[in-house]
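**Student:** A predicted structure for the sequence below; I have some questions about it.
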Amino acid sequence: MLDNGPVAGWIVGWVLAGVALAGWLYLVVGHGGFWRTSIRLPPVTPVDARPAADGWPSVAAIVPARDEAEMLPRTLPTLLSQRYPGAFRVLVVDDDSGDGTGDIAAALGAAVVRTDGPPPGWVGKVAAMAAGVAAVTGTPSAPSPAGTPWAPSPAMPPDPPRWLLFTDADIAFPPSALTTLVRAAEGSGSDMVSQMARLRTDAFWERWIVPAFVYFFAQLYPFSRVNRPGRTAAAAGGCMLVRRQALADAGGLASIRAALIDDVALARLIGRRGRIWLGLSTGIRSVRAYPRLADLWAMVARSAYTQLRHSPVLLLGTVLGLLLGFVVPPAAAITGAVLGDPVLAALGGTAWLMMAGSYLPMLRCYRLGAWRAPLLPLVAVLYLGMTVDSARRHHAGRGGAWKGRTASRSAG
(Lines give C-alpha, C1' and ligand atoms only; values in the text may rest on other atoms or scores of the structure.)
Protein backbone atom coordinates (compact mmCIF):
# COMPACT_ATOMS: atom_id res chain seq x y z
CA MET A 1 0.00 0.00 0.00
CA LEU A 2 2.74 2.47 1.00
CA ASP A 3 4.41 2.00 -2.40
CA ASN A 4 1.61 4.04 -3.96
CA GLY A 5 3.03 7.28 -2.53
CA PRO A 6 5.24 8.82 0.10
CA VAL A 7 4.61 7.63 3.63
CA ALA A 8 4.20 11.23 4.78
CA GLY A 9 1.41 11.75 2.28
CA TRP A 10 -0.55 8.80 3.61
CA ILE A 11 -0.06 9.93 7.19
CA VAL A 12 -1.33 13.41 6.37
CA GLY A 13 -4.36 11.88 4.67
CA TRP A 14 -5.09 9.63 7.63
CA VAL A 15 -4.74 12.54 10.06
CA LEU A 16 -7.03 14.82 8.06
CA ALA A 17 -9.63 12.11 7.61
CA GLY A 18 -9.36 11.16 11.27
CA VAL A 19 -9.85 14.75 12.41
CA ALA A 20 -12.84 15.09 10.09
CA LEU A 21 -14.35 11.91 11.52
CA ALA A 22 -13.77 13.10 15.09
CA GLY A 23 -15.46 16.36 14.20
CA TRP A 24 -18.53 14.60 12.85
CA LEU A 25 -18.68 12.31 15.87
CA TYR A 26 -18.87 15.40 18.05
CA LEU A 27 -21.40 17.18 15.82
CA VAL A 28 -23.77 14.23 15.60
CA VAL A 29 -23.50 13.09 19.23
CA GLY A 30 -22.57 16.15 21.26
CA HIS A 31 -23.66 19.29 19.41
CA GLY A 32 -27.16 19.73 20.78
CA GLY A 33 -28.83 17.37 18.32
CA PHE A 34 -28.65 20.16 15.73
CA TRP A 35 -29.78 17.76 13.02
CA ARG A 36 -33.15 17.05 14.64
CA THR A 37 -36.17 18.67 13.00
CA SER A 38 -38.67 17.77 15.73
CA ILE A 39 -38.35 20.96 17.80
CA ARG A 40 -41.72 22.51 17.01
CA LEU A 41 -44.67 24.02 18.81
CA PRO A 42 -47.63 21.66 19.34
CA PRO A 43 -50.74 22.44 17.28
CA VAL A 44 -53.64 24.34 18.80
CA THR A 45 -56.75 22.39 19.79
CA PRO A 46 -60.25 23.85 20.33
CA VAL A 47 -59.61 23.72 24.09
CA ASP A 48 -56.43 25.79 23.68
CA ALA A 49 -58.33 28.54 21.90
CA ARG A 50 -60.74 29.13 24.79
CA PRO A 51 -60.35 32.44 26.65
CA ALA A 52 -57.68 32.34 29.35
CA ALA A 53 -58.66 33.01 32.97
CA ASP A 54 -57.36 36.58 32.78
CA GLY A 55 -58.13 36.99 29.09
CA TRP A 56 -55.84 36.54 26.13
CA PRO A 57 -53.10 39.19 26.02
CA SER A 58 -53.15 41.89 23.36
CA VAL A 59 -50.77 41.50 20.42
CA ALA A 60 -49.56 43.89 17.73
CA ALA A 61 -47.90 42.54 14.60
CA ILE A 62 -45.24 44.78 13.04
CA VAL A 63 -44.35 44.18 9.39
CA PRO A 64 -41.37 46.18 8.07
CA ALA A 65 -41.87 46.46 4.32
CA ARG A 66 -39.76 48.10 1.64
CA ASP A 67 -41.01 47.79 -1.96
CA GLU A 68 -43.20 44.80 -1.13
CA ALA A 69 -46.26 45.65 -3.26
CA GLU A 70 -46.02 42.30 -5.02
CA MET A 71 -45.63 40.29 -1.84
CA LEU A 72 -48.23 41.79 0.52
CA PRO A 73 -51.40 40.68 -1.32
CA ARG A 74 -50.21 37.09 -0.92
CA THR A 75 -49.22 37.26 2.72
CA LEU A 76 -50.88 40.13 4.59
CA PRO A 77 -54.40 38.62 4.41
CA THR A 78 -53.12 35.52 6.24
CA LEU A 79 -51.93 37.72 9.10
CA LEU A 80 -55.05 39.86 9.18
CA SER A 81 -57.30 36.79 9.32
CA GLN A 82 -55.69 35.16 12.37
CA ARG A 83 -58.19 33.34 14.56
CA TYR A 84 -56.80 34.80 17.76
CA PRO A 85 -59.08 34.97 20.81
CA GLY A 86 -57.57 38.23 22.12
CA ALA A 87 -57.07 41.76 20.82
CA PHE A 88 -54.88 41.82 17.73
CA ARG A 89 -53.92 44.46 15.21
CA VAL A 90 -51.49 44.53 12.30
CA LEU A 91 -49.21 47.45 11.48
CA VAL A 92 -47.21 47.69 8.26
CA VAL A 93 -44.23 50.05 8.32
CA ASP A 94 -43.70 51.37 4.81
CA ASP A 95 -39.93 51.81 4.75
CA ASP A 96 -39.60 54.55 2.13
CA SER A 97 -41.03 52.35 -0.61
CA GLY A 98 -41.42 53.51 -4.19
CA ASP A 99 -44.00 51.00 -5.38
CA GLY A 100 -47.10 51.84 -3.35
CA THR A 101 -46.44 49.34 -0.57
CA GLY A 102 -48.20 51.46 2.06
CA ASP A 103 -51.29 52.05 -0.07
CA ILE A 104 -51.65 48.34 -0.79
CA ALA A 105 -51.26 47.46 2.89
CA ALA A 106 -53.94 50.00 3.84
CA ALA A 107 -56.28 48.71 1.16
CA LEU A 108 -55.88 45.19 2.52
CA GLY A 109 -56.94 46.37 5.97
CA ALA A 110 -53.71 46.95 7.90
CA ALA A 111 -52.74 50.09 9.78
CA VAL A 112 -49.81 51.82 8.10
CA VAL A 113 -47.04 54.18 9.12
CA ARG A 114 -44.49 55.52 6.70
CA THR A 115 -40.84 56.36 7.27
CA ASP A 116 -38.29 58.21 5.19
CA GLY A 117 -35.73 55.46 5.64
CA PRO A 118 -33.24 54.82 8.43
CA PRO A 119 -31.53 57.71 10.19
CA PRO A 120 -27.72 57.72 10.50
CA GLY A 121 -26.40 54.80 12.49
CA TRP A 122 -29.46 52.62 11.91
CA VAL A 123 -29.91 49.62 9.61
CA GLY A 124 -33.08 49.87 7.54
CA LYS A 125 -35.06 46.93 8.87
CA VAL A 126 -34.28 47.62 12.52
CA ALA A 127 -35.22 51.27 12.03
CA ALA A 128 -38.56 50.22 10.54
CA MET A 129 -39.15 47.80 13.40
CA ALA A 130 -38.40 50.58 15.90
CA ALA A 131 -40.80 52.92 14.11
CA GLY A 132 -43.46 50.23 14.42
CA VAL A 133 -42.80 49.79 18.13
CA ALA A 134 -43.04 53.55 18.65
CA ALA A 135 -46.36 53.59 16.81
CA VAL A 136 -48.03 50.71 18.65
CA THR A 137 -46.82 51.78 22.09
CA GLY A 138 -47.38 55.50 21.63
CA THR A 139 -43.95 56.28 23.05
CA PRO A 140 -41.27 58.46 21.48
CA SER A 141 -38.49 56.41 19.95
CA ALA A 142 -35.80 57.12 17.40
CA PRO A 143 -36.50 56.78 14.61
CA SER A 144 -40.10 57.92 15.02
CA PRO A 145 -42.67 57.11 12.33
CA ALA A 146 -44.06 59.69 9.98
CA GLY A 147 -47.31 59.76 8.09
CA THR A 148 -50.43 57.92 9.23
CA PRO A 149 -50.41 57.56 13.04
CA TRP A 150 -51.28 54.41 14.90
CA ALA A 151 -54.98 54.57 15.74
CA PRO A 152 -56.30 51.96 18.18
CA SER A 153 -59.64 50.43 17.26
CA PRO A 154 -62.27 48.80 19.50
CA ALA A 155 -60.46 45.50 18.87
CA MET A 156 -57.22 46.92 20.25
CA PRO A 157 -57.21 48.61 23.66
CA PRO A 158 -55.40 51.95 23.87
CA ASP A 159 -52.88 50.41 26.27
CA PRO A 160 -49.65 49.15 24.68
CA PRO A 161 -49.87 45.50 23.63
CA ARG A 162 -48.30 42.87 25.85
CA TRP A 163 -46.73 41.10 22.88
CA LEU A 164 -45.10 42.27 19.66
CA LEU A 165 -45.01 39.96 16.64
CA PHE A 166 -42.20 40.93 14.29
CA THR A 167 -42.59 39.35 10.88
CA ASP A 168 -41.58 39.92 7.26
CA ALA A 169 -43.63 40.87 4.24
CA ASP A 170 -43.02 37.51 2.55
CA ILE A 171 -44.32 35.36 5.43
CA ALA A 172 -47.72 33.63 5.25
CA PHE A 173 -49.35 32.28 8.41
CA PRO A 174 -51.90 29.51 9.04
CA PRO A 175 -55.01 30.77 10.88
CA SER A 176 -53.99 29.41 14.29
CA ALA A 177 -50.35 30.53 14.21
CA LEU A 178 -50.69 33.48 16.57
CA THR A 179 -52.71 31.50 19.11
CA THR A 180 -50.02 28.82 19.03
CA LEU A 181 -47.24 31.34 19.59
CA VAL A 182 -48.95 33.22 22.42
CA ARG A 183 -50.04 30.05 24.18
CA ALA A 184 -46.47 28.71 24.06
CA ALA A 185 -44.94 31.98 25.24
CA GLU A 186 -47.40 32.54 28.09
CA GLY A 187 -47.32 28.91 29.16
CA SER A 188 -43.54 28.67 29.30
CA GLY A 189 -42.82 32.12 30.68
CA SER A 190 -40.72 32.93 27.64
CA ASP A 191 -39.91 36.48 26.61
CA MET A 192 -39.37 35.53 22.98
CA VAL A 193 -40.73 32.70 20.85
CA SER A 194 -39.50 32.39 17.28
CA GLN A 195 -40.33 29.91 14.54
CA MET A 196 -38.28 29.43 11.42
CA ALA A 197 -40.65 29.64 8.48
CA ARG A 198 -40.65 26.97 5.83
CA LEU A 199 -38.78 28.41 2.86
CA ARG A 200 -39.68 27.78 -0.76
CA THR A 201 -38.13 24.81 -2.56
CA ASP A 202 -40.02 24.99 -5.86
CA ALA A 203 -37.14 25.94 -8.17
CA PHE A 204 -34.09 23.85 -8.98
CA TRP A 205 -31.59 25.93 -7.02
CA GLU A 206 -33.99 26.40 -4.12
CA ARG A 207 -34.12 22.63 -3.64
CA TRP A 208 -30.33 22.50 -3.40
CA ILE A 209 -29.56 25.61 -1.38
CA VAL A 210 -32.53 26.17 0.96
CA PRO A 211 -32.50 22.94 3.04
CA ALA A 212 -28.74 23.34 3.46
CA PHE A 213 -29.28 26.94 4.58
CA VAL A 214 -31.57 25.81 7.41
CA TYR A 215 -29.24 22.88 8.20
CA PHE A 216 -26.19 25.15 8.51
CA PHE A 217 -28.19 27.63 10.59
CA ALA A 218 -29.17 24.86 13.00
CA GLN A 219 -25.57 23.65 13.08
CA LEU A 220 -24.44 27.15 14.03
CA TYR A 221 -27.28 27.65 16.53
CA PRO A 222 -28.59 24.27 17.74
CA PHE A 223 -32.23 24.84 18.64
CA SER A 224 -32.07 22.72 21.78
CA ARG A 225 -29.24 24.92 23.10
CA VAL A 226 -31.10 28.10 22.21
CA ASN A 227 -34.00 26.81 24.28
CA ARG A 228 -31.86 26.35 27.40
CA PRO A 229 -31.46 29.55 29.43
CA GLY A 230 -28.04 31.14 29.14
CA ARG A 231 -26.68 28.90 26.39
CA THR A 232 -27.02 30.07 22.78
CA ALA A 233 -29.14 32.94 21.47
CA ALA A 234 -30.74 32.93 18.03
CA ALA A 235 -34.04 33.60 16.32
CA ALA A 236 -35.62 33.48 12.85
CA GLY A 237 -36.56 36.95 11.65
CA GLY A 238 -39.69 35.91 9.80
CA CYS A 239 -41.56 35.11 13.00
CA MET A 240 -40.52 36.56 16.36
CA LEU A 241 -43.03 37.02 19.18
CA VAL A 242 -41.46 39.28 21.81
CA ARG A 243 -42.79 40.41 25.17
CA ARG A 244 -43.00 44.20 24.90
CA GLN A 245 -41.85 44.86 28.46
CA ALA A 246 -38.87 42.53 28.06
CA LEU A 247 -37.80 44.46 24.97
CA ALA A 248 -38.14 47.76 26.81
CA ASP A 249 -36.23 46.47 29.83
CA ALA A 250 -33.40 45.30 27.54
CA GLY A 251 -32.95 48.78 26.12
CA GLY A 252 -35.24 48.59 23.11
CA LEU A 253 -34.32 48.22 19.47
CA ALA A 254 -31.95 51.18 19.69
CA SER A 255 -29.56 48.75 21.37
CA ILE A 256 -29.24 46.80 18.10
CA ARG A 257 -29.75 49.67 15.66
CA ALA A 258 -26.66 48.76 13.60
CA ALA A 259 -27.36 45.00 13.50
CA LEU A 260 -27.50 43.64 9.97
CA ILE A 261 -28.45 40.20 11.32
CA ASP A 262 -31.34 41.62 13.29
CA ASP A 263 -32.97 38.38 14.41
CA VAL A 264 -29.90 36.94 16.13
CA ALA A 265 -29.07 40.35 17.60
CA LEU A 266 -32.60 40.67 19.01
CA ALA A 267 -32.42 37.17 20.47
CA ARG A 268 -29.13 37.99 22.18
CA LEU A 269 -30.61 41.20 23.54
CA ILE A 270 -33.69 39.48 24.98
CA GLY A 271 -31.74 36.41 26.08
CA ARG A 272 -29.46 38.38 28.38
CA ARG A 273 -32.27 38.67 30.92
CA GLY A 274 -35.09 36.53 29.66
CA ARG A 275 -35.94 33.16 28.20
CA ILE A 276 -36.09 32.54 24.46
CA TRP A 277 -37.35 29.66 22.35
CA LEU A 278 -36.64 28.74 18.72
CA GLY A 279 -38.04 25.95 16.59
CA LEU A 280 -39.08 24.93 13.10
CA SER A 281 -42.46 25.44 11.49
CA THR A 282 -44.03 23.79 8.47
CA GLY A 283 -47.23 25.86 8.58
CA ILE A 284 -45.61 29.31 8.60
CA ARG A 285 -44.19 29.78 5.10
CA SER A 286 -42.08 32.19 3.13
CA VAL A 287 -43.54 32.78 -0.32
CA ARG A 288 -40.56 34.71 -1.66
CA ALA A 289 -39.02 33.02 -4.68
CA TYR A 290 -35.30 32.66 -5.29
CA PRO A 291 -35.36 30.98 -8.70
CA ARG A 292 -31.76 31.70 -9.70
CA LEU A 293 -28.51 30.77 -8.04
CA ALA A 294 -27.59 34.47 -8.16
CA ASP A 295 -30.64 35.30 -6.02
CA LEU A 296 -29.71 32.78 -3.33
CA TRP A 297 -26.05 33.73 -3.56
CA ALA A 298 -26.90 37.37 -2.85
CA MET A 299 -29.13 36.39 0.07
CA VAL A 300 -26.34 34.44 1.78
CA ALA A 301 -23.47 36.74 0.81
CA ARG A 302 -25.36 39.72 2.22
CA SER A 303 -24.73 38.69 5.82
CA ALA A 304 -22.24 35.80 5.89
CA TYR A 305 -19.21 37.97 6.63
CA THR A 306 -21.20 39.95 9.19
CA GLN A 307 -21.89 36.64 10.95
CA LEU A 308 -18.11 36.28 11.18
CA ARG A 309 -17.89 39.77 12.72
CA HIS A 310 -15.91 40.94 9.68
CA SER A 311 -12.90 39.04 11.00
CA PRO A 312 -10.34 37.70 8.49
CA VAL A 313 -9.24 35.19 11.15
CA LEU A 314 -12.78 33.83 11.54
CA LEU A 315 -13.16 33.80 7.75
CA LEU A 316 -10.01 31.70 7.39
CA GLY A 317 -11.20 29.37 10.15
CA THR A 318 -14.59 28.99 8.46
CA VAL A 319 -13.01 28.20 5.09
CA LEU A 320 -10.69 25.62 6.65
CA GLY A 321 -13.56 24.19 8.70
CA LEU A 322 -15.80 23.78 5.65
CA LEU A 323 -13.00 22.14 3.70
CA LEU A 324 -12.11 19.79 6.57
CA GLY A 325 -15.68 18.92 7.48
CA PHE A 326 -17.31 18.65 4.08
CA VAL A 327 -14.61 18.18 1.43
CA VAL A 328 -12.05 15.97 3.17
CA PRO A 329 -14.47 13.08 3.98
CA PRO A 330 -15.59 12.34 0.38
CA ALA A 331 -12.13 13.09 -0.97
CA ALA A 332 -10.55 10.66 1.50
CA ALA A 333 -13.20 7.98 0.88
CA ILE A 334 -12.84 8.14 -2.89
CA THR A 335 -9.04 8.41 -2.85
CA GLY A 336 -8.73 5.51 -0.43
CA ALA A 337 -11.04 3.34 -2.53
CA VAL A 338 -9.24 4.14 -5.79
CA LEU A 339 -5.70 3.74 -4.41
CA GLY A 340 -6.46 0.73 -2.27
CA ASP A 341 -5.98 2.27 1.16
CA PRO A 342 -8.68 0.75 3.41
CA VAL A 343 -7.79 2.95 6.38
CA LEU A 344 -8.20 6.19 4.44
CA ALA A 345 -11.36 4.90 2.79
CA ALA A 346 -12.87 3.81 6.10
CA LEU A 347 -12.08 7.06 7.89
CA GLY A 348 -13.38 9.24 5.06
CA GLY A 349 -16.34 7.01 4.30
CA THR A 350 -17.51 6.91 7.91
CA ALA A 351 -17.30 10.71 8.24
CA TRP A 352 -19.13 11.12 4.92
CA LEU A 353 -21.84 8.71 6.05
CA MET A 354 -22.33 10.59 9.32
CA MET A 355 -22.52 13.88 7.46
CA ALA A 356 -25.12 12.55 5.04
CA GLY A 357 -27.08 10.92 7.86
CA SER A 358 -27.24 14.18 9.79
CA TYR A 359 -28.64 15.92 6.70
CA LEU A 360 -31.40 13.38 6.04
CA PRO A 361 -33.92 14.76 8.60
CA MET A 362 -33.78 18.19 6.96
CA LEU A 363 -34.30 16.69 3.51
CA ARG A 364 -37.29 14.75 4.85
CA CYS A 365 -38.63 17.93 6.43
CA TYR A 366 -38.56 19.56 3.00
CA ARG A 367 -39.86 16.40 1.32
CA LEU A 368 -36.79 15.99 -0.85
CA GLY A 369 -35.09 12.76 -1.89
CA ALA A 370 -32.53 11.09 0.36
CA TRP A 371 -30.19 10.78 -2.63
CA ARG A 372 -29.29 14.43 -2.12
CA ALA A 373 -27.69 13.76 1.28
CA PRO A 374 -24.32 12.41 0.02
CA LEU A 375 -24.07 15.43 -2.28
CA LEU A 376 -24.06 17.90 0.61
CA PRO A 377 -20.30 18.53 0.13
CA LEU A 378 -21.05 20.11 -3.25
CA VAL A 379 -23.53 22.49 -1.63
CA ALA A 380 -21.03 23.24 1.14
CA VAL A 381 -18.50 24.32 -1.49
CA LEU A 382 -21.09 26.75 -2.87
CA TYR A 383 -21.60 28.14 0.62
CA LEU A 384 -17.85 28.47 1.00
CA GLY A 385 -17.83 30.56 -2.17
CA MET A 386 -20.72 32.70 -0.90
CA THR A 387 -18.90 33.33 2.37
CA VAL A 388 -15.67 34.38 0.66
CA ASP A 389 -17.66 36.58 -1.73
CA SER A 390 -19.40 38.17 1.26
CA ALA A 391 -16.00 39.23 2.59
CA ARG A 392 -15.01 40.54 -0.85
CA ARG A 393 -18.19 42.63 -1.06
CA HIS A 394 -17.61 44.04 2.39
CA HIS A 395 -14.08 45.16 1.62
CA ALA A 396 -15.30 46.61 -1.69
CA GLY A 397 -17.79 48.76 0.22
CA ARG A 398 -20.84 46.75 -0.86
CA GLY A 399 -21.40 44.71 2.28
CA GLY A 400 -25.01 44.18 3.30
CA ALA A 401 -26.42 45.47 0.00
CA TRP A 402 -30.17 44.84 0.03
CA LYS A 403 -33.28 46.55 -1.39
CA GLY A 404 -31.18 49.32 -2.91
CA ARG A 405 -29.29 50.07 0.31
CA THR A 406 -25.79 49.20 1.44
CA ALA A 407 -25.00 48.86 5.12
CA SER A 408 -22.03 50.74 6.43
CA ARG A 409 -18.91 48.78 7.33
CA SER A 410 -19.60 49.36 10.96
CA ALA A 411 -23.01 47.79 10.81
CA GLY A 412 -23.17 44.40 12.34
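**Tutor:** Nice, I can see it. Residues are numbered from 1 along each chain as shown.
**Student:** pretty sure Ala184 sits in a strand.
**Tutor:** No. Ala184 sits outside any strand when classified using DSSP: H, G, I helix; E, B strand; the rest coil, being helix.
**Student:** how about the most centrally placed residue in the chain, secondary structure?
**Tutor:** Centrality entry for the chain: nearest residue to the mean C-alpha point is Ala236, 3.6 Å, by CA atoms, centre = their mean. State at Ala236, reduced to three classes by three-state DSSP: coil.
**Student:** now Met240
**Tutor:** In three-state terms, and counting by three-state DSSP, Met240 is strand.
**Student:** now the closest residue to Pro361 other than its chain neighbours: how far from Leu363?
**Tutor:** The shortest distance from Pro361 to any residue that is not its chain neighbour, by CB to CB, 6 or more residues apart in numbering, is 4.6 Å, and that residue is Thr37. From N, CA and C alone the C-beta is placed, and that goes for glycine too. In this structure, Thr37 and Leu363 are 10 Å apart, going by CB to CB, to the nearest Å.
**Student:** with Ala289 instead?
**Tutor:** 20 Å.
**Student:** residues contacting Thr350?
**Tutor:** Leu21 (CB atoms under 8 Å, 6 or more residues apart in numbering).
**Student:** next, count neighbours for the residue lying closest to Ile171 once chain neighbours are set aside.
**Tutor:** Taking CB to CB, 6+ apart as the measure, Ile171 lies nearest to Gly238, with 4.5 Å between them; neighbours along the chain are not counted. When counting by other CB atoms under 10 Å, one arrives at 25 neighbours for Gly238.
**Student:** please state the backbone phi and psi of the residue nearest to the centre of the chain?
**Tutor:** According to degrees, to the nearest 10, the main-chain angles of Ala236 amount to phi -110, psi 120.
**Student:** likewise for Trp56?
**Tutor:** Here is the backbone geometry of Trp56 (degrees, to the nearest 10): phi -80, psi 140.
**Student:** burial of it, as a residue count?
**Tutor:** Once other CB under 10 Å is used to define contacts, Trp56 is seen to have 21 neighbours.
**Student:** please apply the same query to Gly317.
**Tutor:** Taking other CB under 10 Å as the definition, Gly317 ends up with a neighbour count of 12.
**Student:** distance of it from Gly86?
**Tutor:** Gly317 is 47 Å from Gly86, where distance means CB to CB.
**Student:** Ala356 now?
**Tutor:** 45 Å.
**Student:** got it, and Arg244?
**Tutor:** Computed with CB to CB, the distance linking Arg244 and Gly86 is 14 Å.
**Student:** now swap in Ala111 and tell me
**Tutor:** 17 Å.
**Student:** quick one, which of those two is more surrounded?
**Tutor:** A side-by-side neighbour count of Ala111 and Gly86, using other CB under 10 Å, places Ala111 first with 23 against 20.
**Student:** the more buried one contacts Asp94, doesn't it?
**Tutor:** No. Counting by CB atoms under 8 Å, Ala111 sits too far from Asp94 to count as a contact (11.0 Å).
**Student:** tell me what the helix or strand that contains Thr318 is packed against?
**Tutor:** Following DSSP states H and E, one finds Thr318 within helix 312-322. Contacting helix 312-322 under the criterion 3 or more CB pairs under 8 Å, 6 or more residues apart in numbering; DSSP states H and E are the following elements: helix 376-395.
**Student:** quick one: average confidence on the helix it packs on?
**Tutor:** For helix 376-395, the mean per-residue pLDDT is 94.
**Student:** how about it: buried residues?
**Tutor:** Burial within helix 376-395, assessed by neighbour count using 16 or more other CB atoms under 10 Å, is assigned to 376-377, 379-380, 382-384, 386-391, 393-394.
**Student:** kindly report the same for stretch 322-337.
**Tutor:** The neighbour-count check on stretch 322-337 (16+ other CB under 10 Å) flags 322-333, 336 as buried.
**Student:** stretch 214-233 too?
**Tutor:** In terms of neighbour count (16+ other CB under 10 Å), stretch 214-233 has its buried residues at 214-219, 221-227, 232-233.
**Student:** and the end-to-end length of that stretch?
**Tutor:** From the first residue to the last, stretch 214-233 extends over 16 Å; the measure is CA to CA, to the nearest Å.
**Student:** what sits up against it?
**Tutor:** Judged by CB under 8 Å, 6+ apart, the contacts made with stretch 214-233 from elsewhere in the structure are 27, 31-36, 39, 196, 199, 234, 264, 267-268, 270-271, 275-280, 307, 359, 362, 383.
**Student:** run the last query once more with 6 Å
**Tutor:** 31-34, 39, 234, 267-268, 271, 275, 277-279, 359, 362 (CB atoms under 6 Å, 6 or more residues apart in numbering).
**Student:** what's the farthest-apart pair in the residues you listed?
**Tutor:** The largest distance within the contacts of stretch 214-233, taken as CB to CB, falls between Arg275 and Tyr359 and amounts to 29.9 Å.
**Student:** those two: who's more crowded?
**Tutor:** Each of Arg275 and Tyr359 had its neighbours counted (other CB under 10 Å), and the higher figure belongs to Tyr359 (22 against 19).
**Student:** pretty sure Pro161 sits against Pro57.
**Tutor:** No. Pro161 lies out of contact with Pro57 (CB atoms under 6 Å); the separation is 7.5 Å.
**Student:** the two: which is more packed in?
**Tutor:** With other CB under 10 Å as the criterion, Pro161 and Pro57 differ in neighbour count, and Pro161 comes out ahead with 24 against 17.
**Student:** please enumerate the strands of the stretch 101-250 of the chain.
**Tutor:** Listed in chain order, the strands found in the stretch 101-250 of the chain under DSSP state E, counting those that start in this stretch are 111-115, 163-167, 171-172, 192-198, 239-243.
**Student:** mind putting those into a markdown table with mean pLDDT and distance to Glu206?
**Tutor:** Below are the strands of the stretch 101-250 of the chain laid out as a markdown table (pLDDT from 0 to 100; distance: least, CB to CB, whole Å):
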| stretch | mean pLDDT | distance to Glu206 |
| --- | --- | --- |
| strand 111-115 | 93 | 31 |
| strand 163-167 | 98 | 21 |
| strand 171-172 | 98 | 16 |
| strand 192-198 | 97 | 12 |
| strand 239-243 | 98 | 20 |
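**Student:** looking at those strands, which is nearest to Asp341?
**Tutor:** Evaluated over those, closeness to Asp341 peaks at strand 192-198, with 41.5 Å, by CB to CB.
**Student:** how about residues contacting the closest one?
**Tutor:** Contacting residues not belonging to strand 192-198 are listed as 171, 181, 184-185, 235-236, 238-242, 270, 276-282, 284-286 [CB under 6 Å, 6+ apart].
**Student:** nothing else from me, thank you.
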